[in-house]
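**Student:** Sequence first, then the predicted structure, then my questions.
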Amino acid sequence: MAHTADVGERPPGDRLIWLVSVGLATAGALLWWPGLALPGGDPHLWWPGVALAFALSERFAVHLPFGRDIHSLTFSMAPMVLGLFFLDADELVLAAVLGMLLTQAVIYRNPPIKLAFNAASIFLQATVAITVFSAVVEATGVTADDLGPVTWLAALAATVAAESATGVSASGPSASANCRAVG
């Protein structure tokens with residue numbers, strides 16, 4: 001009769017994914033809480049347009065087979081770079097999260113656990129990108145309006161840092177999901 005007691009419980013991998021999602025969101029909130037600000041002048045883009053760019057980058061992902069897995073590549077860093085230069089920090093975070101959620105919830109109809117993980121992941125990516133971009137631009141003494149080599153290197157550093165921040169976290173839940181599917 002012991003086997004019926006486990007029917008209503010979530011698999012251990014699900015708890016891990018929820019825990020990682022909370023950790024990602026907490027890390028993003030800790031970066032965002034002090035009041036992130038992007039250097040530069042007035043924002044020039046309409047944030048819902050950038051949110052649509054995030055949604056489209058999620059929708060038209062490139063899916064590559066790799067062994068037994070399929071890895072999806074999105075171009076979400078393109079709207080992220082646009083946002084770094086032409087939005088304020090809060091608008092960039094809002095555009096990134098809402099754009100991703102629009103595609104993941106409406107088009108792909110992903111379950112809540114995947115929506116939570118992806119929302120937390122993009123939230124952390126946006127806050128890391130803003131933090132790194134602002135730090136590099138301020139450390140070099142240029143403005144984001146300059147659009148010169150230094151600001152483009154700042155954008156590159158921001159996107160690499162953003163991808164690195166969430167790339168490490170994705171390997172744990174992914175491995176857990178693979179173990180659950182196989183076992």
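**Tutor:** That came through fine. Numbering: from 1, shown residues only.

**Student:** Dihedrals phi and psi, the residue most central in space within the chain?
**Tutor:** Nearest to the mean C-alpha position of the chain, counting by C-alpha atoms, centre = their mean, stands residue 122 at 1.8 Å. Phi and psi for residue 122, reported as degrees, to the nearest 10, are phi -70, psi -30.

**Student:** Give me the pLDDT for it.
**Tutor:** Among the per-residue scores, residue 122 shows a pLDDT of 93.

**Student:** Likewise for residue 126?
**Tutor:** In this model, residue 126 carries a pLDDT of 96.

**Student:** Run a quick neighbour tally on it.
**Tutor:** 30 (other C-beta atoms under 10 Å). In short, each C-beta sits where N, CA and C put it, glycine included.

**Student:** Now for it: which residues touch it?
**Tutor:** 28, 80, 83, 92-93, 96-97, 162 (C-beta atoms under 8 Å, 6 or more residues apart in numbering).

**Student:** Okay, and it sits in which element?
**Tutor:** helix 112-140 (DSSP states H and E).

**Student:** what about the host helix or strand of residue 165, average pLDDT?
**Tutor:** According to DSSP H and E, residue 165 maps onto helix 149-182. When pLDDT is averaged along helix 149-182, the result is 71.

**Student:** now swap in stretch 89-109 and tell me
**Tutor:** 92.

**Student:** Report the backbone C-alpha coordinates of that stretch in CSV.
**Tutor:** Extracted in CSV, the C-alpha atoms of stretch 89-109 (Å, rounded to 0.1, in the frame of the first residue of the first chain):
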residue,chain,number,x,y,z
ALA,A,89,15.7,49.9,-16.5
ASP,A,90,12.2,49.2,-15.3
GLU,A,91,10.8,49.2,-18.9
LEU,A,92,13.5,46.8,-20.0
VAL,A,93,12.7,44.3,-17.2
LEU,A,94,8.9,44.6,-17.9
ALA,A,95,9.4,44.2,-21.6
ALA,A,96,11.6,41.1,-21.2
VAL,A,97,9.3,39.3,-18.7
LEU,A,98,6.0,40.2,-20.4
GLY,A,99,7.4,39.4,-23.9
MET,A,100,8.6,36.0,-22.8
LEU,A,101,5.4,35.2,-20.9
LEU,A,102,3.3,36.2,-23.9
THR,A,103,4.9,33.6,-26.1
GLN,A,104,5.3,30.9,-23.5
ALA,A,105,1.8,31.1,-22.0
VAL,A,106,-0.3,32.0,-25.0
ILE,A,107,1.4,30.3,-28.0
TYR,A,108,3.2,27.4,-26.4
ARG,A,109,0.8,27.0,-23.4
